[in-house]
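I would like the atomic coordinates for the input below:
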Amino acid sequence: YLDDRPVFPRDRACANAWARGGREAEREERQLWETPERKRSTKPVNDLLLMRRNYLGDRGENQNDIEQTENELTGDKETDNEEDENNEQEPINDEDEPPPLEDVDESDIEKENELIDTVTDTVSIEK
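The predicted model follows:
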């Protein structure tokens, strides 16, 4: 190896911070680097959402609908209480009620038993 220093500037800065002040200094340096990186990675998404909002606003879309679809696209969990009330379903509790039984004829059971008997008679188990 020609150089034993970390290759990337962020890694180099974090390693130097750790050498100066230990774990706490490294943590602070990482936070300084993460903020611009996060802004740089979310900027295209925010620009696209802004363009979409302008387009839908020009079309006359409802502001609440626009915000709801943006929340779905970005993964935000914020929803209106009215929407939650409309989508509520009864919780399924398997312990209270057993599933409905199937209708089975006795003739079907007899046929299955006969089939099992014939199969077991023809197959002999030898030890």
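
switch to C-alpha atoms for all contacts and neighbour counts from now on
OK.

Grab the most central residue of the chain for me.
Centroid check for the chain by CA atoms, centre = their mean gives residue 75 as the closest residue, at 9.4 Å.

Please pull up the helix or strand immediately following the helix or strand bottoming out on mean pLDDT in the chain.
Counting by mean pLDDT, DSSP states H and E, the chain has its least confident helix or strand at helix 81-86, which shows a mean of 49. Sequence-wise, the next helix or strand downstream of helix 81-86 (DSSP states H and E) is helix 106-122.

Please point out which parts of that following helix sit buried.
Buried residues in helix 106-122, counted by 16 or more other CA atoms under 10 Å: none are found.

now swap in stretch 43-55 and tell me
For stretch 43-55, burial by neighbour count (16+ other CA under 10 Å) applies to 49, 53.

Pull the distance from it to the chain's centre.
23 Å (CA atoms, centre = their mean, to the nearest Å).

List the contacts of that stretch.
When contacts are defined by CA atoms under 8 Å, 6 or more residues apart in numbering, stretch 43-55 is touched by residues 66, 70.

Just the mean pLDDT for it, thanks.
Mean per-residue pLDDT for stretch 43-55: 86.

Then stretch 73-80?
For stretch 73-80, the mean per-residue pLDDT is 63.

for stretch 115-123, same thing?
75.

Only C-alpha atoms, please: export that stretch in CSV.
In CSV, the C-alpha atoms belonging to stretch 115-123 read as follows (Å, rounded to 0.1, in the frame of the first residue of the first chain):
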residue,chain,number,x,y,z
LEU,A,115,-60.1,-46.3,0.3
ILE,A,116,-57.8,-46.2,3.3
ASP,A,117,-58.7,-49.8,4.2
THR,A,118,-57.9,-51.1,0.7
VAL,A,119,-54.6,-49.2,0.6
THR,A,120,-53.5,-50.5,4.0
ASP,A,121,-54.6,-54.1,3.0
THR,A,122,-52.5,-54.0,-0.2
VAL,A,123,-49.4,-52.5,1.4
